[in-house]
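Peer 1: no FASTA, just this:
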């Protein structure tokens with residue numbers, strides 16, 4: 001029980017204090033970039049994923065989320081809104097990845 005409590009505390013600290021607000025949204029389909037744009041410019045569109053599946057992506061109020069998908073499990077739809085650098089939404093059946101990135105001014109989280 002103590003390990004779970006410490007893990008949750010650690011996750012909370014990282015999530016709320018270390019992650020930075022993102023500035024860009026990148027949408028990849030089957031590994032290829034299909035869209036890259038501002039997280040602060042409202043947009044809504046439907047992407048055609050792998051083998052014709054569709055996902056409706058919404059950028060609004062500094063967040064991006066998957067509003068709808070025609071995949072069987074709809075896990076991507078339930079991932080919620082994201083806005084921080086490094087967060088992503090993945091629709092495995094359609095091979096769609098929505099990722100938040102920064103503007104390049106912050107340091108990478110992995111330093112050699």
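Peer 2: Now that the structure is in, tell me what you want to look at. What you are looking at is a predicted structure, and each value in this text was computed from that prediction instead of being measured. Numbers count the residues shown, from 1 in each chain.
Peer 1: quickly note the distance from the closest residue to residue 80 other than its chain neighbours to residue 76.
Peer 2: Counting by C-beta to C-beta, 6 or more residues apart in numbering, residue 65 is the residue found nearest to residue 80 once chain neighbours are left out, at 6.4 Å. To be clear about C-beta, it is placed using only N, CA and C from the backbone, and glycine gets the same treatment. Using C-beta to C-beta, to the nearest Å, residue 65 is found at 9 Å from residue 76.
Peer 1: those two: which has the busier surroundings?
Peer 2: residue 76 (23 against 18; other C-beta atoms under 10 Å).
Peer 1: any idea how far the residue most central in space within the chain lies from residue 76?
Peer 2: Among the residues of the chain, the one closest to the centroid is residue 88, at 2.4 Å (C-alpha atoms, centre = their mean). Residue 88 sits 10 Å away from residue 76, going by C-beta to C-beta.
Peer 1: can you check residue 4 too?
Peer 2: In terms of C-beta to C-beta, residue 4 sits 27 Å off from residue 76.
Peer 1: just residue 91 next, same as before
Peer 2: 4 Å.
Peer 1: now do the shared contacts for these two.
Peer 2: Shared contacts of residue 91 and residue 76 (C-beta atoms under 8 Å, 6 or more residues apart in numbering): 55, 66, 69.
Peer 1: residue 40: which of those is nearest?
Peer 2: The shortest approach to residue 40 among the shared contacts of residue 91 and residue 76 belongs to residue 66, at 18.6 Å (C-beta to C-beta).
Peer 1: just checking, the closest one touches residue 79?
Peer 2: Yes - the criterion here is C-beta atoms under 8 Å, and residue 66 meets it with residue 79 at 6.7 Å.
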